[in-house]
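Participant: Take this sequence and fold it.
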Amino acid sequence: MKTFAIVNRKGGVGKTTTAVNLAYVLATSCRLRVLLVDADGQANATQILLPPGEYAGLGALLRGLSICYDELVEQTDVPGLDVLPAAEDLWALDLEAAGGDRGRSYRALRDMREALEEDGAYDVMVIDCPPNLSAACVSA
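Facilitator: Residues are numbered from 1 along each chain as shown. All right, here's what the predicted structure looks like:
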């Protein structure tokens, strides 16, 4: 499975726009099964692709509250494009990790990627990263 992490430590440079558009084109024009992982606590990619609501998403995965990606992934209206949503709880994750097992949060995304590959669930994973070196970004 190909994986693209869109990373830049500066905000406002088009990371989310690039990630969402890349995922959309791969799903529609290339007819690939794409998982967009929203690793940014601002959750803009989630807001673009999913209706308003509360999602467990990446925060639950990085905290170890859920280990099954299929419980966290949400389908979009775009055929072939699913989202692992973000929520504001990603902002607090770095504070929690500072006092606990940082390795768990760093390994969680890698472990999910390996499970996705084993299951053959997606052809491509696109990760929209935050403008800092948070646990989610380092994991990506």
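
Participant: Give me the buried positions along the strand or helix carrying residue 27.
Facilitator: In this structure, residue 27 is located in helix 15-28 according to DSSP states H and E. The neighbour-count check on helix 15-28 (16 or more other Cβ atoms under 10 Å) flags 15, 16, 19, 20, 22, 23, 24, 26, 27 as buried. The way it works is simple: take the backbone N, C-alpha and C, and place the C-beta from them, glycine included.

Participant: who does that helix touch, helix- and strand-wise?
Facilitator: Judged by 3 or more Cβ pairs under 8 Å, 6 or more residues apart in numbering; DSSP states H and E, the packing partners of helix 15-28 are strand 2-6, strand 34-38, helix 44-49, strand 81-84, strand 124-128.

Participant: of all the buried residues of helix 15-28, which two lie farthest apart?
Facilitator: 15 and 27 (18.6 Å; Cβ to Cβ).

Participant: Who are the contact partners of the residue sitting nearest the centre point of the chain?
Facilitator: With distances taken as Cα atoms, centre = their mean, the chain has residue 37 as the residue nearest its mean C-alpha position (1.8 Å). Applying Cβ atoms under 8 Å, 6 or more residues apart in numbering, we find residue 37 in contact with 58, 83, 84, 109, 125, 126, 127, 128, 140.

Participant: If I look at residue 62, what pLDDT would I see?
Facilitator: pLDDT for residue 62: 80.

Participant: ditto for residue 98
Facilitator: Model confidence at residue 98, expressed as pLDDT, equals 54.

Participant: By residue count, tell me the biggest helix in the chain.
Facilitator: Identified as the longest helix of the chain according to DSSP state H is helix 102-119.

Participant: re earlier: with distance to residue 73 and mean pLDDT as extra columns, can I get the helices and strands packed on helix 15-28 in TSV?
Facilitator: Converted to TSV, the helices and strands packed on helix 15-28 look like this (distance: least, Cβ to Cβ, whole Å; pLDDT from 0 to 100):
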stretch	distance to residue 73	mean pLDDT
strand 2-6	15	95
strand 34-38	7	97
helix 44-49	12	96
strand 81-84	5	97
strand 124-128	11	96
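
Participant: Same list (these) but as JSON lines, adding distance to residue 118.
Facilitator: Converted to JSON lines, the helices and strands packed on helix 15-28 look like this (distance: least, Cβ to Cβ, whole Å):
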{"stretch": "strand 2-6", "distance to residue 118": "15"}
{"stretch": "strand 34-38", "distance to residue 118": "14"}
{"stretch": "helix 44-49", "distance to residue 118": "25"}
{"stretch": "strand 81-84", "distance to residue 118": "17"}
{"stretch": "strand 124-128", "distance to residue 118": "14"}
